[in-house]
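[1] One predicted model, sequence on top.
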Protein chains: 4
Amino acid sequence: DARLMVLAGPCQMESRAHALEMASALKEMAAKLGLGLVYKSSFDKANRTSLSGKRGIGLDAALPVFAEIRETLGLPVVTDVHDAAQCALVAPVVDVLQIPAFLCRQTDLLVAAAQTGRVVKVKKGQFLAPWDMKNVVAKVVASGNPNVLLTERGSSFGYNTLVTDMRGLPIMAETGCPVIFDATHSVQQPGGQGTSSGGDRRYVPVLARAAVAVGVAGLFIETHEDPDRAPSDGPNMVPLKDFASLMSELIEIDALVKKQRSAAGGVRSL
Amino acid sequence: DARLMVLAGPCQMESRAHALEMASALKEMAAKLGLGLVYKSSFDKANRTSLSGKRGIGLDAALPVFAEIRETLGLPVVTDVHDAAQCALVAPVVDVLQIPAFLCRQTDLLVAAAQTGRVVKVKKGQFLAPWDMKNVVAKVVASGNPNVLLTERGSSFGYNTLVTDMRGLPIMAETGCPVIFDATHSVQQPGGQGTSSGGDRRYVPVLARAAVAVGVAGLFIETHEDPDRAPSDGPNMVPLKDFASLMSELIEIDALVKKQRSAAGGVRSL
Amino acid sequence: DARLMVLAGPCQMESRAHALEMASALKEMAAKLGLGLVYKSSFDKANRTSLSGKRGIGLDAALPVFAEIRETLGLPVVTDVHDAAQCALVAPVVDVLQIPAFLCRQTDLLVAAAQTGRVVKVKKGQFLAPWDMKNVVAKVVASGNPNVLLTERGSSFGYNTLVTDMRGLPIMAETGCPVIFDATHSVQQPGGQGTSSGGDRRYVPVLARAAVAVGVAGLFIETHEDPDRAPSDGPNMVPLKDFASLMSELIEIDALVKKQRSAAGGVRSL
Amino acid sequence: DARLMVLAGPCQMESRAHALEMASALKEMAAKLGLGLVYKSSFDKANRTSLSGKRGIGLDAALPVFAEIRETLGLPVVTDVHDAAQCALVAPVVDVLQIPAFLCRQTDLLVAAAQTGRVVKVKKGQFLAPWDMKNVVAKVVASGNPNVLLTERGSSFGYNTLVTDMRGLPIMAETGCPVIFDATHSVQQPGGQGTSSGGDRRYVPVLARAAVAVGVAGLFIETHEDPDRAPSDGPNMVPLKDFASLMSELIEIDALVKKQRSAAGGVRSL
């Protein structure tokens, strides 16, 4: 079993300066913690609740920043793609293409992402059963790309609420793909603030601890130096100042869990 | 109150001949019933469960058929669009652009559809509360297009199941937009057959009667002369031979409901 | 098909005078409408959210009032029972014993109610699938009592919310038991006011119209002359002044639906 | 923080011999593991799906066995009570009275259990939000008994399915009551086998690991030497032969979590 991986960064790219600052800070923390880090940021929030919600600096402005982060900091990068045409444009400057949850069944997007040869990370739709992700994986693999990461980020549970079914983690792992738990979107309250989504970041450590104890390949955690002033997903993001202590506890749980699994002959005690 | 409208046709366009045959048959039934008809067919099923599921004849082949149906049969036409670039291509030959449920929050798609000037019909996502559709309407209207139709097609309810909350119909009607009830996708069992979605067409009349009694502007009903051999959504579609008798009953309920509302001074007894 | 039946009355028995007044008023309305009426009232609300919520006047005080309503007004009466021992005490003065939704799987209660020989009306639990009510019916029938009414009152849908799946009505009807739609508890928001349940009576007519159009044997509607001052379930109850106009519309829909079914040879167009 | 507690035993008491055998075996394992053990068994399964489902040996036969287990093995005992009258009968021979989930809002039962002075363990209803359990606690405490344990056992999630929301654990802990996670009923599929409930015991360790990592006072785990032949809840129960290894892993996770909390000054990093 590999060490725990984290995909982290602010929800959206706000500016070149902000991106470099965040990436540097996270790199330093990850190095101290011995933690595998992939830097995450979105160039475009394509499905904001409201037309007036900020969408990010856009594709053209973001691509050189992603390239700069990879070159100067040596960090791998992940970002969202929202239509097939974006995949080939984005692929040269990132390591992982992320398919948003609402788009996880859009065949053309999955195929275009697969054909870039980059790792394809697919978020499970809030409307999808975990066992149905095998069909999504099959679309990517049949397009010639076996490098798929699956992500749990909650299921619709009544209105304006998500619930995380921890059974989904081992069920998705049966595909053979590494499973990432998205601890910040899982506490989202979709549409919960009328014209934007709410959330409750107090439950990020709760769900993250649970997921790590179940056993995951990595975590996805959005973080910001001042979440309450962030242009999107503020209610969910973890304050940057709390990131290292949170990860430190999760790394300990992960190490114990992997030691137990190894002692059990590599088989989890299901 | 206007007479009941129905958007009907086979799930996907299978061939020019099949489309013209279905459209002619439906036109004849609608004329006998005094029913407003919009012909529906998809040129591409962009989110099939499996890569091997048939997607339809494609954009290029479908556009002239839509044009032919409008010209020779005089029927208005509705079809799905899946990315922003398709909107301007499709708009010249259809009357209504439909935004699929999974894509109902994709801002670029909504704006591009709005800018064609065609009626924009948005399906409520399975993951969205009915009161949150006002944000979707606002995106279209703020893009200069006030002609929006909203559609109910069920909400996620546990795994592989949808439930229709009839309260959603009047809640969406508060936006001022006409509300259409999609009676065939509402009985879908997403992913319920492993590598394709299941459904149970026995409940189409049940939910359609309920929705009409609550009060809707129209219905969306997929139909096929042989649903069990249709390339997609077969388990949900209504056999063409049952279409007229089903609509006939629904028209009677609709007439009664509108008479009652009129007697109550135009105000429904909420 | 029999004419539509309604089980109506205030949520709880507040006093002898109030009960007689409500029963008389409802009897008069039902007579004008040609509506079958069963008077409903609870002697004890055994599962209030809070210990300080009013529970009603109690078994001993209520029994003579039920007897008086039956004798002087000639109305059949329905009330809830909460444990097996109550059944034999209550049976002599009522026509229908109602099993509350939370208790619908308590075997001893079902058997004791069955053994009184009275009609047993069971509310489907908020946690139960409609097809699982056949097991509940079997418990009553196997105890020697074939007279069972089933009631839909909503299913749990996330937290503090219920949703009514209209497909549940024909599914429960497959047991052969008459199905009653509880239009007031179906709009309840359990626990939604912190220390009491909320609700939204604006949706009572919405759901009632839907259920009648689907086809039910009867409706269950709690009503009160001043719901906002009622000791329980106020947010859901229909004001008594609106009862007749609501029922009048529902009777028209019911008559149309039964005429259609009769024209179809007694078979609903499923 | 106290050491982890487990409430364990077979779903129902099958016979005196079986009970003593199970209790002895569990006592021995718990001693080796340094684990606090409360022996669990039901004298009556009062809400079986079907009338023909076995209910257990009954109150009269069970009481002396509970007394014997306490005396000869020195184990504390927990069992379910289903109506108010049972509480005083059962209290002398058990340490904890358990209120079943369906009955968690039955006021008389809660009050009667409270008045015995025994610890009252209440299972959260499948239809209840975790924050609404504070009202349940208040009923017991206001009846003079501050010793309440709360239990998570899953929430209704569509039909025939439960989901465990791990956020419910810290939310219920805000009442100040110890929170127990019921790892075997949480994997139940209510009514999932037609005339009995199904389940999937493979997910017991998954959910138990998650709950322990979040932080709980204890676990509730039903176990049996041959679950597939057990008279009830077989699909969920953990084979007795796997009990010690499962608990051993959970104890390690619990110890780590409590060390982390202690290092954080007693405050969980929420």
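    In hand now; what should we look at?
[2] Does the residue in the stretch 101-250 of chain A positioned nearest to chain C belong to a helix, a strand or coil?
    Nearest residue of the stretch 101-250 of chain A to chain C (C-beta to the nearest C-beta) works out as A:Gly158 at 1.5 Å. Quick note: C-beta positions are derived from backbone N, CA and C, even for glycine. Of the three states, A:Gly158 takes coil under DSSP: H, G, I helix; E, B strand; the rest coil.
[3] right, and it touches C:Thr161 too?
    Yes: A:Gly158 lies in contact with C:Thr161 (C-beta atoms under 8 Å); the separation is 4.9 Å.
[4] burial measure for the closest residue to the residue of the stretch 101-250 of chain A closest to chain C other than its chain neighbours, as a count.
    Once flanking residues are discounted, A:Gly158 sits nearest to C:Gly158: 1.5 Å by C-beta to C-beta, 6 or more residues apart in numbering or on different chains. Here the number of neighbours of C:Gly158 (other C-beta atoms under 10 Å in any protein chain shown) works out to 23.
[5] got it, and the one 5 residues further on?
    A count of nearby residues for C:Val163, using other C-beta under 10 Å, gives 21.
[6] got it, and the one 4 residues further on?
    For C:Arg167, the tally of surrounding residues (other C-beta under 10 Å) stands at 20.
[7] The one 3 residues further on now?
    By the measure other C-beta under 10 Å, the count of residues near C:Pro170 is 19.
[8] So what does it look like in phi/psi?
    C:Pro170 adopts backbone torsions of phi -70, psi -30, taken as degrees, to the nearest 10.
[9] who touches the nearest residue in space to it that is not next to it in sequence in this structure?
    Leaving aside its chain neighbours, C:Pro170 sits nearest to B:Val206 (5.9 Å; criterion: C-beta to C-beta, 6+ apart). B:Val206 makes contacts with C:Met166, C:Arg167, C:Leu169, C:Pro170, C:Val214, C:Leu270, as judged by C-beta atoms under 8 Å, 6 or more residues apart in numbering or on different chains.
[10] ok, now how distant is B:Val206 from B:Asn160?
    19 Å (C-beta to C-beta, to the nearest Å).
[11] for A:Lys27, same thing?
    Distance of A:Lys27 to B:Asn160, computed by C-beta to C-beta: 42 Å.
[12] Also A:Ser50?
    31 Å.
[13] Look at those two and report which has more neighbours.
    Between A:Ser50 and B:Asn160, counted using other C-beta under 10 Å, the more crowded position is B:Asn160 (21 against 15).
[14] right, and the more buried one touches A:Pro130 too?
    No: using C-beta under 8 Å, B:Asn160 is not in contact with A:Pro130, being 11.0 Å away.
[15] mind listing what A:Leu149 touches?
    Counting by C-beta under 8 Å, 6+ apart, A:Leu149 touches A:Val96, A:Val119, A:Val120, A:Lys121, A:Val122, A:Cys177, A:Pro178, A:Val179, A:Ile180, A:Ala217.
[16] ok so, going back, for chain D, see how far away the residue nearest to C:Pro170 is.
    16 Å (C-beta to the nearest C-beta, to the nearest Å).
[17] any idea which element that residue lies in?
    Using DSSP states H and E, B:Val206 maps to helix B:204-214.
[18] Then A:Thr151?
    Per DSSP H and E: strand A:148-152 holds A:Thr151.
[19] Kindly report the same for A:Gln126.
    Assigning secondary structure by DSSP H and E places A:Gln126 outside every helix and strand.
[20] Need the per-residue pLDDT for it.
    Looking at A:Gln126, its pLDDT reads 98.
[21] Could you give the number of residues near it?
    Quick note: A:Gln126 (other C-beta under 10 Å) scores 23 neighbours.
[22] what's near enough to touch it?
    Counting by C-beta under 8 Å, 6+ apart, the residues that A:Gln126 touches are A:Ala101, A:Phe102, A:Arg153, A:Gly154, A:Ser155, A:Ser156, A:Leu162, A:Pro190, B:Phe127, B:Ser156.
[23] So the fifth one sits against A:Arg167, correct?
    No: applying C-beta under 8 Å as the test, A:Ser155 and A:Arg167 come out as separate, 11.0 Å apart.
[24] just the strands in the stretch 1-150 of chain A please.
    Ranges of strands in the stretch 1-150 of chain A, per DSSP state E, counting those that start in this stretch, are A:5-9, A:36-40, A:77-80, A:96-99, A:119-123, A:148-152.
[25] Can you redo these as a markdown table, where the extra columns are mean pLDDT and distance to D:Ala114?
    Formatted as a markdown table, those follow (pLDDT from 0 to 100; distance: least, C-beta to C-beta, whole Å):
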| stretch | mean pLDDT | distance to D:Ala114 |
| --- | --- | --- |
| strand A:5-9 | 97 | 47 |
| strand A:36-40 | 97 | 51 |
| strand A:77-80 | 97 | 53 |
| strand A:96-99 | 98 | 52 |
| strand A:119-123 | 98 | 46 |
| strand A:148-152 | 98 | 40 |
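[26] so A:Val111 sits right up against A:Val136, yeah?
    No: judged on C-beta under 8 Å, A:Val111 makes no contact with A:Val136 at a distance of 11.5 Å.
[27] Not counting its neighbours along the chain, what's nearest A:Val111?
    Per C-beta to C-beta, 6+ apart, closest to A:Val111 is A:Ser143, 4.7 Å.
[28] related to what we said a few turns ago, in terms of contact, does the residue nearest to A:Gly158 touch A:Leu162 like I think?
    No: taking contacts as C-beta under 8 Å, C:Gly158 lies outside contact range of A:Leu162: 9.4 Å.
[29] now the angle between helix A:204-214 and the longest helix seen in chain A, please.
    Secondary structure of chain A per DSSP state H: the longest helix is helix A:240-263. Using axes from the mean of the first three to the mean of the last three C-alpha atoms, to 10 degrees, the inter-axis angle of helix A:240-263 relative to helix A:204-214 is 20 degrees.
[30] quick one: strands adjacent to the helix-or-strand element of chain A with minimal mean pLDDT?
    The weakest-scoring helix or strand in chain A, judged by mean pLDDT, DSSP states H and E, is strand A:198-199 (a mean of 90). Here strand A:198-199 is paired, per DSSP bridges, with strand A:188-189 (antiparallel).
[31] tell me the mean pLDDT for the strand it pairs with?
    93.
[32] which other residues reach that strand?
    Applying C-beta under 8 Å, 6+ apart, the contact partners of strand A:188-189 are A:Arg153, A:Gly154, A:Asn160, A:Thr161, A:Leu162, A:Ser197, A:Gly198, A:Gly199, A:Asp200, A:Asp233, A:Pro235, A:Asn236.
[33] which one of those has the most neighbours?
    Busiest of these [other C-beta under 10 Å] is A:Asn236, holding 27 neighbours.
[34] nearest residue to that one other than its sequence neighbours?
    A:Gly199 (3.7 Å).
[35] for that neighbour, what are its contacts?
    Neighbour list for A:Gly199: A:Thr184, A:Val187, A:Gln188, A:Gln189, A:Gly192, A:Asp233, A:Pro235, A:Asn236 [criterion: C-beta under 8 Å, 6+ apart].
[36] before we move on, back to that, have a look at the contacts of A:Gln126 and tell me the least confident one.
    Note: of the contacts of A:Gln126, the lowest pLDDT belongs to A:Pro190, at 90.
[37] Not counting sequence-adjacent ones, nearest residue to that residue?
    Closest to A:Pro190 by C-beta to C-beta, 6+ apart is A:Ser197, at 5.2 Å.
[38] Let me know whether the one you found touches A:Thr49 as I believe.
    Yes: here A:Ser197 reaches A:Thr49: they are 5.9 Å apart, a contact under C-beta under 8 Å.
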